[in-house]
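Trainee: pasting a predicted model and its sequence here:
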Amino acid sequence: MKNQVQLITYVDRLGGGTLADLRELLAGPLAGVFGGVHLLPFFHRIDGADAGFDPIDHTQVDARLGGWDDVAALAREVDVMADVIVNHMSSESPQFLDWSARGAASPSDGLFLSFDSVFPQGASEADLLAIYRPRPGLPFTVTTLADGRRRLLWTTFTPQQIDIAVAHPAGRAYLDSILQRLAASGVTQVRLDAVGYAIKKPGASCFMMPETFDFIDAFAARARELGLEVLVEIHSYYRKQIEIAAKVDRVYDFALPPLVLHALTFGRSEPLLAWLAQRPTNAVTVLDTHDGIGIIDIGADAADRAGRPGLVPPAELDRLVETIHANSHGQSRRATGAAASNLDLYQVNCTFYDALGRDDRAYLIARAIQFFVPGVPQVYYVGLLAGENDMELLARSGVGRDINRHHYSRAEVLAALQRPVVQRLVELMRWRNTHAAFGGRFEARAAGEGGLVLAWTAGAHRAELAVDLSARQARITFAGPGVEAQWALGDAAPGHP
């Protein structure tokens with residue numbers, strides 16, 4: 001993965017709706033802004049129960065977006081990342097429909113997890129309570145199959161997303177077919193979606209167990225054989241992220257978004273600096289994604305709240321969530337938790353721009369911090385355009401995360417690119433992609449009360465970000481051979497060193 005800013009986007013929600021449209025946008029108005037693009041699920045089909053994360057056919061491009069030739073054409077111009085949805089597939093998939101109709105005679109027999117396949121001797125109350133849940137309730141759905149049988153199927157997320165038996169030969173063959181299809185189309189990176197839930201074990205949490213790490217190791221090794229780099233997506237207690245990072249190519253830094261919000265909300269840098277002193281550097285840094293803003297990632301360990309504290313105290317975490325709700329004028333509250341379906345108990349659903357009260361300077365400071373923190377920065381398409389909460393889409397779908405999943409027409413994209421805050425952000429990203437200092441040595445330190453300094457040095461090249469968190473002001477100083485300049489965030493860039 002290039003050490004340049006990456007884009008993460010739905011193909012159909014940014015500027016036209018097809019892979020060809022996206023390719024034209026990246027080669028035209030956004031030329032030089034992104035070193036790669038993560039295409040959120042573009043498989044058949046993209047408009048199921050979970051915005052493409054419940055694929056009917058994971059090896060087929062949704063025809064409304066284009067075909068594999070279009071993916072390959074884009075991959076010849078920028079690095080392309082795609083999702084491997086490891087944990088589940090759609091109840092409308094050919095494999096599930098065939099098994100539902102034919103049972104043991106189906107080639108997909110054994111591919112799907114049932115209650116009995118995990119608990120052949122039955123489960124005690126303690127067994128069920130031990131299962132880690134990202135949402136309310138137990139992870140099972142009563143389903144009547146086409147042949148009339150009633151089964152209790154394992155469904156971690158929604159009743160339409162049937163969990164896969166990843167250790168079964170049918171499960172291994174299915175997942176390998178996806179890797180081969182992606183590699184053959186020029187994709188160079190894959191993100192393992194929901195992989196933390198992939199292994200189930202009686203009496204255990206069924207989340208990020210030693211057996212899960214073993215599975216990730218084996219799956220990542222197979223991906224590397226095919227020339228694919230692996231990114232793992234896990235929302236969890238921050239120390240768990242450190243453990244995960246030691247075993248994989250890359251992880252998301254999901255602690256960064258709430259810590260940046262915390263720093264700008266409370267005007268102090270101690271929790272952020274404490275994280276920078278211990279965080280993994282093989283990270284993809286984000287402020288926003290297609291999901292909500294993580295809270296679990298900086299809070300106390302849910303399994304042992306008293307013994308394993310979070311990066312911020314519980315009272316401050318509660319105040320931070322309430323501040324997001326206040327900054328968004330209550331919109332985020334209407335999209336979070338029990339207020340909306342597709343519940344995420346560990347996330348606040350809101351655009352990052354609205355989480356900061358649509359404060360342009362604070363937003364640019366947050367992005368600058370992201371770009372200076374070690375790792376490869378990734379920017380969500382709504383964040384690229386400093387997007388606001390889409391309350392109309394939320395009202396239509398009732399899905400909380402849709403508040404941050406606006407469908408931008410090409411005209412909307414071009415109009416947004418004329419906004420000063422977006423122009424400054426694009427300038428900042430182009431600068432981050434080209435300055436040689438970001439390949440060197442990093443340092444982070446406090447600077448008085450409420451001050452934060454992040455700096456990179458590589459020989460004669462230096463880039464420094466100095467932030468007054470309380471005043472929400474920042475300045476970048478950068479230098480190269482024969483060049484030295486300063487840039488107050490919010491002003492036009494003085495040019496590239």
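Mentor: Now that the structure is in, tell me what you want to look at.

Trainee: what mean pLDDT does stretch 387-396 get?
Mentor: Across stretch 387-396, pLDDT averages out at 97.

Trainee: how far off centre is that stretch?
Mentor: 20 Å (Cα atoms, centre = their mean, to the nearest Å).

Trainee: next, the distance between the ends of it.
Mentor: With Cα to Cα, to the nearest Å as the measure, the ends of stretch 387-396 fall 19 Å from one another.

Trainee: so, low pLDDT: which residues of the protein?
Mentor: Scanning the chain for pLDDT under 70 picks out the ranges 302-306, 338-345, 490-497.

Trainee: tell me the domain boundaries of it?
Mentor: Following automatic domain parsing, one gets these domains for the chain: 6-85+169-438, 94-162, 440-488.

Trainee: chain center to the longest one: distance?
Mentor: This means domain 6-85+169-438. Distance of domain 6-85+169-438 from its chain centroid, counting by Cα atoms, centre = their mean, is 2 Å.

Trainee: so how far is F115 from L256?
Mentor: For L256, the distance to F115 (Cβ to Cβ, to the nearest Å) stands at 38 Å. Yep, even glycine has a C-beta here, placed from its N, CA and C like the rest.

Trainee: just to revisit the earlier point, with mean neighbour count added, can I get the domains of the chain in JSON lines?
Mentor: Formatted as JSON lines, the domains of the chain follow (neighbours: other Cβ atoms under 10 Å):
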{"stretch": "domain 6-85+169-438", "mean neighbour count": "20"}
{"stretch": "domain 94-162", "mean neighbour count": "16"}
{"stretch": "domain 440-488", "mean neighbour count": "16"}
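
Trainee: ok, and the closest non-adjacent residue to D360?
Mentor: Once flanking residues are discounted, D360 sits nearest to V421: 4.1 Å by Cβ to Cβ, 6 or more residues apart in numbering.

Trainee: and the strands in the stretch 301-450 of the chain?
Mentor: Remark: strands assigned in the stretch 301-450 of the chain by DSSP state E, counting those that start in this stretch are 347-348, 376-380, 441-446.

Trainee: and the most centrally placed residue in the chain, what element?
Mentor: Centroid-nearest residue in the chain: T289, 4.6 Å away (criterion: Cα atoms, centre = their mean). If you go by DSSP states H and E, T289 is not part of any helix or strand.

Trainee: my guess is it contacts V379. True?
Mentor: No: contact criterion Cβ atoms under 8 Å: T289 and V379 do not qualify, at 9.8 Å.

Trainee: now list whatever residues contact both of the two.
Mentor: Common contact partners of T289 and V379 (Cβ atoms under 8 Å, 6 or more residues apart in numbering): I8.

Trainee: quick check: end-to-end length of stretch 187-205?
Mentor: Start-to-end span of stretch 187-205 (Cα to Cα) is 33 Å.

Trainee: show the backbone phi and psi for the closest residue to S332 other than its chain neighbours.
Mentor: Closest residue in space to S332, ignoring its immediate chain neighbours: C350 at 3.6 Å, by Cβ to Cβ, 6+ apart. Dihedral angles of C350 (phi, psi; degrees, to the nearest 10) stand at phi -170, psi 150.

Trainee: tell me who's in contact with C350.
Mentor: G292, I293, I324, S328, Q331, S332, A335, T336, N389, I403, N404.

Trainee: what's the distance between the first one and V453?
Mentor: Same thing as G292. 30 Å.
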